[in-house]
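>>> Any chance you can model this:
(one chain, ligands or ions: 1)
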Amino acid sequence: MPETERERRVIDEVTKGLIIGGAVRDATEQKTFGVEDPSTGQILCDVADASPEDGMAALEAAHTAQPDWAAAAPRERGEILRRAFELITERADDIAMLMTLEMGKPLAESKAEITYAAEFFRWFSEEAVRISGEWKVNATGSGRVLVMRQPIGPCLLITPWNFPLAMGTRKIGPAIAAGCTMVIKPASLTPLTILKLADILAEAGLPDGVLNVVTTKSTGKVMGPLITDGRIRKLSFTGSTEIGQKLLQQASEQVLKTSMELGGNAPFVVCADADVDDAVQGAMLAKMRNIGEACTAANRFYVHADVAEEFTKKLTERMGDMKVGRGTEEGVEVGPLVEADQRDKVAELVDDAVQKGATVRTGGRIPSGQGYFYPPTVLSDVPTSARLAKEEIFGPVAPIFTFTEDDEAIRAANDTEFGLVSYLYTKDLSRAIRLSERLEAGMVGLNQGMVSNAGAPFGGWKQSGLGREGGSVGIDEYLEIKYVAMNV
Ligand code: NAP
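Below is the predicted model of the structure:
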């Protein structure tokens, strides 16, 4: 239940139905499901629970709207995004409250996400008018090569719960800019933020049917038929590698173009020559942003033996001082994890490491009381056999390993099937370049604990994904190339 008048208003104002072809409607047989506040375990409200027929109706709406939207002027598409950027920015306080209620993160974190999320609309509002092609004389001189880039067509966008707004705008922004229509399915744990965003986009002038929102608990049953329907031309997914792999199999049926932003297992390497205070500051950001529930979260800390104790002590002090509580409360820095399963998985990984010999420097125990809280935790002397050396923790736990040679650190950092991001702290420029080149990751945070930036290509190597979101290449994921051979 919302606990204050303001919380009630913010929840009441959200559309709770499916948004299909510009109309808000109930799901088949008026089925609904509850959205929980993870800090209390109480239901905030109910939203529509779509059936496979509802999913198909959303696809039909996107398919119908596609030709007109592809023909809309790039400037018009850009200006809708720009207006939406401004509306999100104006309403950041209310959106932050909504996001905190359904996801748990503190209000300050929700606001930071909103700034990041809105930037994708500003960035792609500028990219909409810069979609270019190519024109050249062919090698024999007798013909011409014309290369055009056209909207790929109706897209299916599936997003996770950890960044309920940004994971949506990172896909919706370039799709709108490119002239694609879409069906979006937000995570069933956090559907409210995307429903709110859809209202904002409608207010900004997005035509009916361009963005259709399907909320459902029968996710596989509703999404499966859409992925294999020939009218869908693109699947963009952010979520776990496990589900990504399943979707890739389904997508192979019609050789569907896919973008996959999947799991991570980021190493955070601190060399002996690093500025330890800077490294601790970066570690706090890389570990504790979003309560550790980020694909970019530092998962394994490799610290040179010469500075390991200093780094561990300082990090332990900072982590131990963080205020844990309901995200809506003043001064809270660490909210609950998103659900009981997530909290229990984190606890299980810590217990496994401790059983195998790790030392708990702070945290390490589920507190009593309501909500899915887990305290900021630092572990030292962690053996490499601990499960959290291999598995994505997705919680506020920092396991520290030590090394003595650069080669050893790089080998350990790369010893994972994931390759989303790596962090590296060193003051030596040559070492920084040498080691950055050897890290097997799509992104490197060099002397900084955060890489996310709407103007940069976000994405992973290995099992962390396919394609890039953001930057000047982000729009390419929503465009098809056509070459016209001209006989002149
Ligand atoms: P998830 O369980 O894979 O779910 C992600 C989305 O996929 C949700 O909307 C989910 O719907 C949907 N889904 C689940 N089963 C499906 C199916 N059979 N068919 C179609 N859709 C299905 O991931 P999560 O727990 O929400 O998110 C955490 C994961 O996302 C972590 O591994 C994290 O690293 C990754 N992530 C990656 C990035 C990146 O950019 N690389 C960014 C953020 C998060 P329901 O909610 O209804 O289950």
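>>> Next, Leu424: secondary structure please.
strand (DSSP: H, G, I helix; E, B strand; the rest coil).
>>> Do you know the pLDDT at the closest residue to it other than its chain neighbours?
Nearest residue to Leu424, sequence neighbours excluded (C-beta to C-beta, 6 or more residues apart in numbering): Val269, at 5.0 Å. Every residue, glycine included, has its C-beta placed from N, CA and C. With respect to pLDDT, Val269 scores 98.
>>> In stretch 255-275, which residues are buried?
Judged by neighbour count (16 or more other C-beta atoms under 10 Å), stretch 255-275 contains these buried residues: 256-272, 274.
>>> hang on, I meant stretch 430-437
Here stretch 430-437 shows 431-432, 435 as buried, counting by 16+ other C-beta under 10 Å.
>>> where do the helices sit along the stretch 1-150 of the chain?
Assigned by DSSP state H, counting those that start in this stretch, the stretch 1-150 of the chain shows helices spanning 5-12, 52-71, 74-90, 92-103, 107-127.
>>> Need those helices in CSV (columns: distance to the ligand and mean pLDDT).
Formatted as CSV, the helices of the stretch 1-150 of the chain follow (distance: least, C-beta to the nearest ligand atom, whole Å; pLDDT from 0 to 100):
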stretch, distance to the ligand, mean pLDDT
helix 5-12, 19, 96
helix 52-71, 10, 98
helix 74-90, 19, 98
helix 92-103, 11, 98
helix 107-127, 11, 98
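>>> ok so, going back, look at the residue nearest to Leu424 and tell me its secondary structure.
Here Val269 is recorded as strand under three-state DSSP.
>>> show me what contacts it?
Val269 sits next to 302-303, 409-410, 413, 422-425, 435 when contact means C-beta atoms under 8 Å, 6 or more residues apart in numbering.
>>> Make a ChimeraX selection of whichever of the residues you listed turn out to be buried.
Buried residues within the contacts of Val269, by 16+ other C-beta under 10 Å, are selected in ChimeraX with:
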select :302,303,409,410,413,422,423,424,425,435
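>>> Go through the contacts of Val269 and name the one nearest the ligand.
The shortest approach to the ligand among those belongs to Ser422, at 13.8 Å (C-beta to the nearest ligand atom).
>>> The residue of the chain most remote from its centre and Val488, how far apart?
Distance to the chain centre peaks in the chain at Ser142, reaching 48.6 Å (criterion: C-alpha atoms, centre = their mean). Separation of Ser142 from Val488 (C-beta to C-beta, to the nearest Å) stands at 7 Å.
>>> where exactly do the strands run in the stretch 201-350 of the chain?
211-213, 234-238, 257-261, 266-270, 298-304 (DSSP state E, counting those that start in this stretch).
>>> If I take the third one and strand 234-238, what angle do their directions form?
For strand 257-261 against strand 234-238, the angle between stretch directions is 10 degrees (axes from the mean of the first three to the mean of the last three C-alpha atoms, to 10 degrees).
>>> Just the CA atoms of strand 257-261, as CSV, please.
C-alpha atoms of strand 257-261 as CSV (Å, rounded to 0.1, in the frame of the first residue of the first chain):
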residue,chain,number,x,y,z
LYS,A,257,17.5,-9.1,-36.0
THR,A,258,18.3,-8.9,-32.3
SER,A,259,20.0,-6.7,-29.8
MET,A,260,20.9,-8.4,-26.6
GLU,A,261,22.0,-6.5,-23.5
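>>> sorry, back to before: right, and the strands of the stretch 201-350 of the chain - which one's nearest the ligand?
Per C-beta to the nearest ligand atom, nearest to the ligand of the strands of the stretch 201-350 of the chain: strand 257-261, 3.1 Å.
>>> Provide a list of residues in contact with Ala58.
18, 20, 50, 183, 212-214.
>>> which one is it nearest to, not counting chain neighbours?
If the residues on either side of it in the chain are set aside, Ala58 comes closest to Asn212, at 4.0 Å by C-beta to C-beta, 6+ apart.
>>> Flag every residue of this structure that's near the ligand.
158-163, 167, 185, 187-189, 219-220, 223, 238-240, 243, 246-247, 261-264, 295, 392, 420, 460, 464-465 (C-beta under 6 Å from any ligand atom).
>>> Mark which of those residues are part of helices, please.
Mapping those onto helices (DSSP state H) picks out 167, 219-220, 223, 243, 246-247.
>>> taking these as a set, which two sit the farthest apart in space?
Greatest spatial distance in these: Met167 and Gly220, 19.3 Å, computed using C-beta to C-beta.
>>> between those two, who's got more neighbours?
The neighbour comparison of Met167 against Gly220 (other C-beta atoms under 10 Å) goes to Met167, with 30 against 12.
>>> My guess is that one contacts Thr238. True?
Yes - at 4.8 Å, Met167 and Thr238 qualify as touching, with contact defined as C-beta atoms under 8 Å.
>>> Mutual contacts of those two, please.
Joint contacts of Met167 and Thr238 (C-beta under 8 Å, 6+ apart) are 159-160, 261.
>>> what bridges to the residue nearest to Leu424?
Tyr302, Leu424 (DSSP bridges).
>>> So it versus Thr416, what's the distance?
Here Val269 is placed at a distance of 13 Å from Thr416 (C-beta to C-beta).
>>> same question, Glu348
Distance from Glu348 to Thr416, counting by C-beta to C-beta: 19 Å.
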